[in-house]
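**Student:** Here is the input, now give the coordinates:
(chains A and B)
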There are 2 protein chains.
Amino acid sequence: MKELKNGKYLENEINKANEYYLKNNLALIYKKPTPIQIVKVLYPKRSRAKIYEAYYTIPSTTDYNGIYDGNYIDFEAKETSNKTNFSLNNIHNHQVIHLKNVLIQKGISFIIVYFRYHKQFFLLETKYLLKYWENKELGRKSIPYNEFLFNGYLILKNEDGVLDYLKIIQKILNKI
Amino acid sequence: MKELKNGKYLENEINKANEYYLKNNLALIYKKPTPIQIVKVLYPKRSRAKIYEAYYTIPSTTDYNGIYDGNYIDFEAKETSNKTNFSLNNIHNHQVIHLKNVLIQKGISFIIVYFRYHKQFFLLETKYLLKYWENKELGRKSIPYNEFLFNGYLILKNEDGVLDYLKIIQKILNKI
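**Tutor:** Take a look at the predicted model:
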């Protein structure tokens, strides 16, 4: 079996954080299942359906959502090997529209980006993503690393080794 | 291809409602993709991964979640042909725990049940589901139809033919 996706490192870190938040009753945030288009299903054994043909489909929303102390949370997580910027090709148009819709409904939405070269995790609120997204036909098709440094939040691991992005969400909520 | 699941009628009604809410900027509620355990993936063509072997897995959360005017919404939807009660076998333990956790995080959680015999849709808040769930080892393993009549909310279709469960959510919010 060939590995399908690169960049499972960040996903694993976020999943570990979510399990930690769940266990400690801090937040309830889950990764959605990967959307699959199922073509052929059979029943080789009575007990269990077996899927014989299926394909990955483009997600219409983001990978993660949930609730933290009454606040709706929604985000997409991506990794990049690039040293100086994060390419907007990493994100689908549907996902950006969804992140924007979350803001309209008074939720908290953002992206988390892991820069492999710098070994740094950043949370960037949707408003800053939109600034680049909405101008990408005109000029640059990426978000500079400096934007993450200036307007994003560096996410650190806590004393339990957990990538503590909830701490950043709390900072954002304190500003609202 | 054999039909895998009965009871797509309610799912279709809810999906139509969610599309309507999305189109009119009223709420942002989505059905999560069906969780699948993927065993074998190959690349018959360079462009597209093909899944050759996969299985349905038991969901760890509910089918639907989202946001409505700053409120986190989370629910499970089920149909029954039974005239007098809704069997608790229709729901997994993990899902009940999840619905309860949503309450702890100050979200809105419930089940929607369609009684085929009565052609009626009901919304029942998690607190009433829990009353039966937590006593199911002792006695009855179902929620009586009358419980839905007395403590649930009958969901009606609006003038556009949409199953308007958001109206019920607003009623619940008005009471809080």
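**Student:** what's around residue A:125, how many residues?
**Tutor:** 19 (other Cβ atoms under 10 Å in any protein chain shown). For the C-beta atoms, the positions are set from N, CA and C on the backbone; glycine is no exception.
**Student:** Actually, residue A:138.
**Tutor:** The number of residues packed near residue A:138 is 7, by other Cβ under 10 Å.
**Student:** Can you get me a residue count around residue A:14?
**Tutor:** Residue A:14 has 23 nearby residues by other Cβ under 10 Å.
**Student:** Sorry, wrong one. I was asking about residue A:176.
**Tutor:** For residue A:176, using other Cβ under 10 Å, the count is 7.
**Student:** ends of stretch A:147-160, how far apart?
**Tutor:** 29 Å (Cα to Cα, to the nearest Å).
**Student:** what does stretch A:115-134 contact?
**Tutor:** A:10, A:13, A:75, A:79-83, A:86, A:88, A:91, A:96, A:99-100, A:102-103, A:109-114, A:140, A:142-143, A:145, A:147-148, A:151-156, A:163, A:165, A:168-169, A:172 (Cβ atoms under 8 Å, 6 or more residues apart in numbering or on different chains).
**Student:** List, out of the residues you listed, those positioned next to chain B.
**Tutor:** When Cβ under 8 Å from any Cβ of the partner chain is applied, the members of the contacts of stretch A:115-134 adjacent to chain B are residue A:102.
**Student:** For ChimeraX, write the selection for the buried entries among the contacts of stretch A:115-134.
**Tutor:** Of these, the buried ones can be selected in ChimeraX as follows, counting by 16 or more other Cβ atoms under 10 Å in any protein chain shown:
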select /A:10,13,75,79,80,86,88,91,96,99,100,102,109,110,111,112,113,114,142,143,145,147,148,152,153,155,163,165,168,169
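**Student:** Can you flag which of the contacts of stretch A:115-134 belong to helices?
**Tutor:** Judged by DSSP state H, the contacts of stretch A:115-134 include A:10, A:13, A:96, A:99-100, A:102-103, A:145, A:147-148, A:151, A:165, A:168-169, A:172 as members of helices.
**Student:** now, which of these sits nearest chain B?
**Tutor:** residue A:102 (6.4 Å; Cβ to the nearest Cβ).
**Student:** Quick one: residues contacting that closest one.
**Tutor:** A:72, A:74, A:108, A:109, A:126, B:28, B:67.
**Student:** pull the CA atoms of the helix or strand of chain A with the lowest mean pLDDT into CSV?
**Tutor:** Using mean pLDDT, DSSP states H and E, strand A:36-45 stands out as the lowest-scoring helix or strand of chain A, at a mean of 85. Extracted C-alpha coordinates of strand A:36-45, given in CSV (Å, rounded to 0.1, in the frame of the first residue of the first chain):
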residue,chain,number,x,y,z
ILE,A,36,-15.1,9.4,-0.3
GLN,A,37,-17.3,8.7,-3.3
ILE,A,38,-18.3,5.1,-3.0
VAL,A,39,-19.0,3.3,-6.3
LYS,A,40,-19.1,-0.5,-5.6
VAL,A,41,-20.2,-2.2,-2.4
LEU,A,42,-20.7,-6.0,-1.9
TYR,A,43,-21.3,-8.4,0.9
PRO,A,44,-18.8,-11.2,0.8
LYS,A,45,-19.8,-12.1,4.3
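**Student:** can you give me the angle it makes with strand B:36-45?
**Tutor:** 110 degrees (axes from the mean of the first three to the mean of the last three Cα atoms, to 10 degrees).
**Student:** Adjacent strands (with direction) for strand A:36-45?
**Tutor:** strand A:48-56 (antiparallel) (DSSP bridges).
**Student:** And the next helix or strand past the partner strand?
**Tutor:** strand A:64-68 (DSSP states H and E).
**Student:** same for that next one, what does it pack against?
**Tutor:** With contacts taken as 3 or more Cβ pairs under 8 Å, 6 or more residues apart in numbering or on different chains; DSSP states H and E, strand A:64-68 sits against helix A:8-23, strand A:28-31, strand A:71-80, strand B:64-68, strand B:71-80.
**Student:** In chain A, where is pLDDT below threshold?
**Tutor:** Where chain A drops to pLDDT under 70, the residues are A:1-7, A:46-47.
**Student:** 90 instead?
**Tutor:** By pLDDT under 90, the weakly predicted segments of chain A are A:1-8, A:33-36, A:38, A:42-49, A:52, A:56-60, A:136-140, A:176.
**Student:** list the contacts for residue A:157?
**Tutor:** Counted by Cβ under 8 Å, 6+ apart, residue A:157 has contacts A:163, A:164.
**Student:** re earlier: got a markdown table for the contacts of residue A:102, with distance to residue B:55 too?
**Tutor:** Listed next are these as a markdown table, based on distance: Cβ to Cβ, whole Å:
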| residue | distance to residue B:55 |
| --- | --- |
| A:72 | 31 |
| A:74 | 29 |
| A:108 | 35 |
| A:109 | 33 |
| A:126 | 36 |
| B:28 | 30 |
| B:67 | 31 |
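**Student:** what's the closest of these to residue B:42?
**Tutor:** Closest to residue B:42 out of the contacts of residue A:102 is residue A:74 (33.2 Å), distances taken as Cβ to Cβ.
**Student:** any idea how far chain B is from the residue lying closest to residue A:81 once chain neighbours are set aside?
**Tutor:** Leaving aside its chain neighbours, residue A:81 sits nearest to residue A:116 (4.9 Å; criterion: Cβ to Cβ, 6 or more residues apart in numbering or on different chains). As judged by Cβ to the nearest Cβ, to the nearest Å, residue A:116 and chain B stand 23 Å apart.
**Student:** Could you give the number of residues near residue A:116?
**Tutor:** Around residue A:116 there are 14 residues (other Cβ under 10 Å).
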